[in-house]
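J.: Task: produce atomic coordinates for the following.
(2 chains)
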Protein chains: 2
Amino acid sequence: MIGQDTAADGCCPGLLTAPLDEDASVELARVFKALGDPVRLRLLSMIASRAGGEVCVCDLTPAFELSQPTISHHLKLLREAGLIASERRGTWVYYRPLPETTDRLAALLTRGAAPAPAGARA
Amino acid sequence: MIGQDTAADGCCPGLLTAPLDEDASVELARVFKALGDPVRLRLLSMIASRAGGEVCVCDLTPAFELSQPTISHHLKLLREAGLIASERRGTWVYYRPLPETTDRLAALLTRGAAPAPAGARA
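T.: Now for the predicted structure:
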């Protein structure tokens, strides 16, 4: 999970307030890279904005002119980056957002970023 | 510049509060993709955290075991994404952060994102 390396150093200087160390940059780049694709951004946005807090993959696929394996691959990258979680129930996989990760990114991108919330210091 | 397309639509739902439209996702993905590399994150971090608000490329290169053309290429991608600006003076190019862009990303990643600040609605 992002932020733990920096947290171990005394906590979370933010991206804009001190030079990022190499380990933290590798971890963080992975998350930004997951966001660096229009389909993945739209998927995340659809999942995060869903009122019920959860979306069936069967409700995501029709919004794209892409095969279900392609959509599943994009969802896997979002999951590996810690941006969403998934659960299989019966035939379908359901996705929900992990707002701790986007909170952490928002904090890192905020000028004069404050230390991470206690919950983020695992 | 990011945010203008969504601004034209009535302004800036945020990534997490409503499904992102296709045009906005393409524009935004480009910026996140620029951040999706450890070297570029470290460069941005070094530029943004510099006290004087400006860094000579000659002060950035020694921090990396990479050639100056490689560093310049990464800086170009950050510049094209609207994250930094550059100015040539004499022999060297000087870089400064464009915090409006990181502010915009932070706002988009914030839960229940507010409308963008007036300055962002070009």
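
J.: Where do the strands of chain A begin and end?
T.: A:55-56, A:84-89, A:92-97 (DSSP state E).

J.: which parts of chain A sit against chain B?
T.: Within chain A, the residues that sit near chain B (CB under 8 Å from any CB of the partner chain) are A:15-20, A:22, A:25-26, A:28-30, A:32-42, A:44-46, A:48-49, A:63, A:97, A:99, A:102-103, A:105-107, A:109-111. Quick note: C-beta positions are derived from backbone N, CA and C, even for glycine.

J.: I'd like to know which of those are part of helices.
T.: Counting by DSSP state H, the members of the residues of chain A next to chain B that fall within helices are A:22, A:25-26, A:28-30, A:32-35, A:38-42, A:44-46, A:48, A:99, A:102-103, A:105-107.

J.: where does chain A dip in pLDDT?
T.: Scanning chain A for pLDDT under 70 picks out the ranges A:1-13, A:112-122.

J.: Can you pull up the most central residue in it?
T.: residue A:83 (2.2 Å; CA atoms, centre = their mean).

J.: Could you pull up phi and psi at that one?
T.: phi -90, psi -30 (degrees, to the nearest 10).

J.: May I ask you to confirm that it is in contact with residue A:102?
T.: Yes: between residue A:83 and residue A:102 there is a contact at 6.9 Å, judged by CB atoms under 8 Å.

J.: just to revisit the earlier point, when you filter the ones in helices among the residues of chain A next to chain B down to buried only, what's left?
T.: Burial of those was assessed by neighbour count (16 or more other CB atoms under 10 Å in any protein chain shown); the buried members are A:25-26, A:28-30, A:32-35, A:38-42, A:44-46, A:48, A:99, A:102-103, A:105-107.

J.: Would you check how far apart residue A:18 and residue A:108 are?
T.: To residue A:108, residue A:18 is 11 Å away according to CB to CB, to the nearest Å.

J.: Number of residues surrounding residue A:91?
T.: 8 (other CB atoms under 10 Å in any protein chain shown).

J.: roughly how far apart are it and chain B?
T.: 24 Å (CB to the nearest CB, to the nearest Å).

J.: Now do the contacts for that residue.
T.: Residue A:91 makes no contacts at all, as judged by CB atoms under 8 Å, 6 or more residues apart in numbering or on different chains.

J.: How about the backbone phi and psi for it?
T.: phi -70, psi -30.

J.: and residue A:18 and residue A:108? which has more neighbours close in?
T.: Ranked by neighbour count (other CB under 10 Å), residue A:18 and residue A:108 place residue A:108 first, with 29 against 15.

J.: Excluding covalently adjacent residues, which one is nearest to the more buried one?
T.: residue A:15 (4.5 Å; CB to CB, 6 or more residues apart in numbering or on different chains).

J.: since we're on the one you found, how many residues are nearby?
T.: 29.

J.: surely it meets residue A:107?
T.: No: using CB under 8 Å, residue A:15 is not in contact with residue A:107; the gap is 9.3 Å.
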